[in-house]
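**Q** Show me how the following folds:
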Amino acid sequence: MADKDYSAEEESAWVADERKKVVAYLAAQGVDHLGVGEWPAWHVCPYLAVWAVQSKKSPGVVGWWAISGDVPTDYIGSADAKHPREAMVHFSRQWDALSNHMARGVAHPNSKIGNRSDWPTLAPLLRTRGELLGRFAADETIWSDQ
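**A** Numbering: from 1, shown residues only. Next up, the predicted model:
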């Protein structure tokens, strides 16, 4: 899915850049995998991409879902989601919980983003990104052909 103002070449360049970002992020996080899909499992160019990441333990199987774009680059295990739509729901809920902790100035027990001094600015941004993911996941017109 691409924004109407983007040519196929621009979309391909954006996808390639986002994929590089995801590959670098997963490496920095120590995720041992067999590769990130060449094309997102779902995307809206140039805003959001959800990527299937192949399991090393079970080749040919999605081991993780990664997300990138105008959102924090993040990933979850496939046990939390079997489909890109489910991954968006999971990220939406996770980011909502994290943003609530950040807004209160309390560290989340399982996740971290940014420096504590940046939380007052980051919390509302993360909340709106999470809400956007929730709306995308709930929109039947987006997923009707899946």
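**Q** In terms of pLDDT, where does residue 3 sit?
**A** Residue 3 carries a pLDDT value of 47.
**Q** list the contacts for the residue lying closest to residue 32 once chain neighbours are set aside?
**A** Of all residues not flanking residue 32 in the chain, residue 56 sits nearest, at 5.5 Å (C-beta to C-beta, 6 or more residues apart in numbering). (C-beta placed from N, C-alpha, C; glycine too.) Counting by C-beta atoms under 8 Å, 6 or more residues apart in numbering, residue 56 touches 32, 33, 34, 63.
**Q** same thing but at 10 Å, please
**A** By C-beta atoms under 10 Å, 6 or more residues apart in numbering, the residues touching residue 56 are 31, 32, 33, 34, 35, 63.
**Q** Restricted to buried residues, select the residues you listed in ChimeraX.
**A** Buried residues within the contacts of residue 56, by 16 or more other C-beta atoms under 10 Å, are selected in ChimeraX with:
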select :31,33,63
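**Q** Kindly indicate which of the contacts of residue 56 lies nearest residue 12.
**A** Nearest to residue 12 out of the contacts of residue 56 is residue 35 (C-beta to C-beta; 18.2 Å).
**Q** measure that closest one to residue 124 for me?
**A** 35 Å (C-beta to C-beta, to the nearest Å).
**Q** And the strands in this structure, which stretches?
**A** For the chain, the strands defined by DSSP state E cover 33-36, 42-44, 48-55, 62-69, 74-77.
**Q** which strands and helices sit next to the shortest one?
**A** Counting by 3 or more C-beta pairs under 10 Å, 6 or more residues apart in numbering; DSSP states H and E, the packing neighbours recorded for strand 42-44 are helix 8-29, strand 48-55, strand 62-69, helix 84-104, helix 119-138, helix 140-143.
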